[in-house]
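> give me a model of this one.
(chains A and B)
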Amino acid sequence: MQLFDTARQEVVPFEPRGGQVGIYVCGITPYDSAHLGHAFVYHVFDVLNRRFRDAGLTVRSVRNVTDVDDDILRVARERGVDFRELADEQVRLFDHDMAEIGLLAPDVEPRATEHVEEMVGWITRLVDGGYAYAVDGWVFFDSGVYPDYGRLSRLDHATMIELSRERGADPDDPRKRHPLDFVLWQASAPDEPSWPSPWSDGRPGWHIECTVMSTGALGHPVDIHGGGNDLIYPHHESEIAQAEAGGVAPYVRHWTHVAMVNLDGVKMSKSLGNLVFVRDLVKRVPGAAVRLLLAAHHYRVSWSYEDAEVEVAAMRLRRYLAAMQGGGTIGHEAALRHKQRFFERLDDDLDTPGALEVLDAIAQELAGGAEDAGPGTEGQQLLGRLLGVLGAEPGAVTA
RNA sequence: GGCGACGUAGCCAAGUGGUAAGGCACGGGUCUGCAAAACCCUGACCGUGGGUUCGAUUCCCACCGUCGCCUCCA
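This is a model prediction of the structure:
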């Protein structure tokens, strides 16, 4: 398997260690419904997971839940419910949506609120090591003593500060020693949930949870760590800083980032409200069709969702189903060739569009076969198995 | 500023180390009283400049351009 690694900026072989692979994907903040952008990211890691398992490796997959955060608290306040109640409900809906499109459940799905104690421990280590400092009950990571900050995203400090100012962040916060310092711990307001710590009754900053939970569940270095490419900076940049400063280096062996999904040329995002929800798609077509829609796009290339794609994907699924249930056959040699080609495409930086072309070819040959061998021929079994590697096995996903 | 993807005839677009599919549009023709429809025919120095090679559109480097993302965000 060859994969693009964000840190090295090139496609490199991924070498499993001892037949095992640990995958950590940054999960959701559960305060709104899952949209196609979420689905694309988790679909990509699901295919990676299935490919590894198909190759006989033991995979341990982890996807966290950021269940305490300003957005959740805000929405919970608006709706007059406890933030835990909101998070539980949204996680349930999210898991349901992901199951509808045939995603394997993660082996571990840690929640931030269940690991605050470990986060406090990690932050304490950073403070003791001189990498973090406390001000008024808040704790900041001191980017001034970590010169490598910016290594992953390849941004220099001046640019990061500029970007940060443009986006309305506050590099000029007088409590910060350096403009790029980020929050590890923040004091909670009286009506906000809080956990005890040496600095204040408060809650963790955004980045610390992933470092604590990924290494907690997988040890270190983490084999594969990733998420949407909008997380490269500052989230993953900050994770690396706090991990390495905390004594965990190297932190991650391989960084994998998935491109953004647009709608009408504009990035699909909660703040803009231009969303296509997974829930609405699975009402129209089988989950396997949604997977084929996603698989038709390479994970490193951003794309713009078109409504017509749904029908195209559904038609493709129907064609595959017909090929699997018809009477066609293909030769043993041809089947082997197709199988090899399919895995070649997948193992070349997860080229799912290329892999689909192979499935199209198999389906076409099966459809062309005039013989009536009945279902269950070698070609039909192969098509079913390969669809399974893409997470689009028709039978398994009709909920 | 960084990173990614892309740059093939008017438009969309496939593809390969050995002088480039297809679709649409345009134009010409067959047919028709005229027109439409249908069918037939017609078009490319493969972004620019280097390099590797017997030979590159295809590989490598640089540059230019377009699009996307970059502390709410997957």
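> which residues touch whichever residue of the stretch 1-150 of chain A sits closest to RNA strand B?
Nearest residue of the stretch 1-150 of chain A to RNA strand B: A:G37, at 2.3 Å (CB to the nearest atom of the strand). Heads up, the C-betas are built off the backbone N, CA and C, glycines and all. A:G37 sits next to A:G228, A:M260, A:V261, A:M268, A:S269 when contact means CB atoms under 8 Å, 6 or more residues apart in numbering.
> nearest to A:G331, of those residues?
A:V261 (39.1 Å; CB to CB).
> what's near enough to touch the residue in the stretch 151-300 of chain A positioned nearest to RNA strand B?
Residue nearest to RNA strand B within the stretch 151-300 of chain A (CB to the nearest atom of the strand): A:G228, separated by 1.8 Å. By CB under 8 Å, 6+ apart, the residues touching A:G228 are A:C26, A:G37, A:V41, A:H257, A:V258, A:M260.
> then A:R279?
So A:R279 contacts A:S33, A:A34, A:L93, A:D97, A:E100 (CB under 8 Å, 6+ apart).
> could you rerun that using 6 Å?
For A:R279, the contacting residues are A:D97, by CB atoms under 6 Å, 6 or more residues apart in numbering.
> if you rank every helix and strand of chain A by mean pLDDT, what lands last?
Every helix and strand of chain A was ranked by mean pLDDT, DSSP states H and E. The lowest is strand A:266-267, at a mean of 72.
> near RNA strand B at all, the helix or strand just after that one?
Downstream of strand A:266-267, the first helix or strand assigned by DSSP states H and E is helix A:278-284. No: judged by CB under 7 Å from any atom of the strand, helix A:278-284 stays clear of RNA strand B, getting no closer than 12.0 Å.
> report the buried residues of helix A:278-284.
Neighbour-count burial for helix A:278-284, counted by 16 or more other CB atoms under 10 Å, picks out A:V278, A:L281, A:V282.
> which residue, neighbours along the chain excluded, lies closest to A:F140?
Nearest non-adjacent residue to A:F140, counting by CB to CB, 6 or more residues apart in numbering: A:D181, 4.2 Å away.
> could you measure from the one you found over to A:A132?
9 Å (CB to CB, to the nearest Å).
> any common contacting residues for these two?
With contacts defined as CB under 6 Å, 6+ apart, the residues shared by A:D181 and A:A132 are A:F141, A:D142.
> ok, these two, which is more surrounded?
Counted by other CB atoms under 10 Å, A:D181 and A:A132 do not tie: A:A132 has more neighbours, with 26 against 23.
> bridged to the more buried one, which residues?
A:F141 (DSSP bridges).
> do I have it right that it meets A:W138?
No: assessed by CB atoms under 6 Å, A:A132 is found out of contact with A:W138, at 10.4 Å.
> that older thread, tell me the contacts of the residue nearest to A:F140?
Taking CB under 6 Å, 6+ apart, we find A:D181 in contact with A:F140, A:F141, A:D142, A:S143.
> the residue most central in space within chain A in helix, strand or coil?
Centroid-nearest residue in chain A: A:G227, 3.7 Å away (criterion: CA atoms, centre = their mean). Following DSSP: H, G, I helix; E, B strand; the rest coil, the label given to A:G227 is strand.
> for it, give me the pLDDT.
pLDDT for A:G227: 94.
> A:F342 now?
88.
> mind checking which helix or strand it is in?
Assigned by DSSP H and E, A:F342 belongs to helix A:332-347.
> what parts of the stretch 251-399 of chain A come near RNA strand B?
So far as CB under 7 Å from any atom of the strand goes, the stretch 251-399 of chain A lies against RNA strand B at A:258-262, A:265-272, A:300-302.
> if we use 10 Å, what do you get?
Within the stretch 251-399 of chain A, the positions adjacent to RNA strand B are A:257-263, A:265-272, A:274-276, A:298-305, A:349, A:353-354, A:357 by CB under 10 Å from any atom of the strand.
> of those residues, select the buried ones using a PyMOL command.
Per 16+ other CB under 10 Å, the buried members of these correspond to this PyMOL selection:
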select buried, chain A and resi 257+258+259+260+261+262+263+268+269+275+276+298+299+300+305+349+354
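> dihedrals phi and psi, A:L152?
phi -70, psi -50 (degrees, to the nearest 10).
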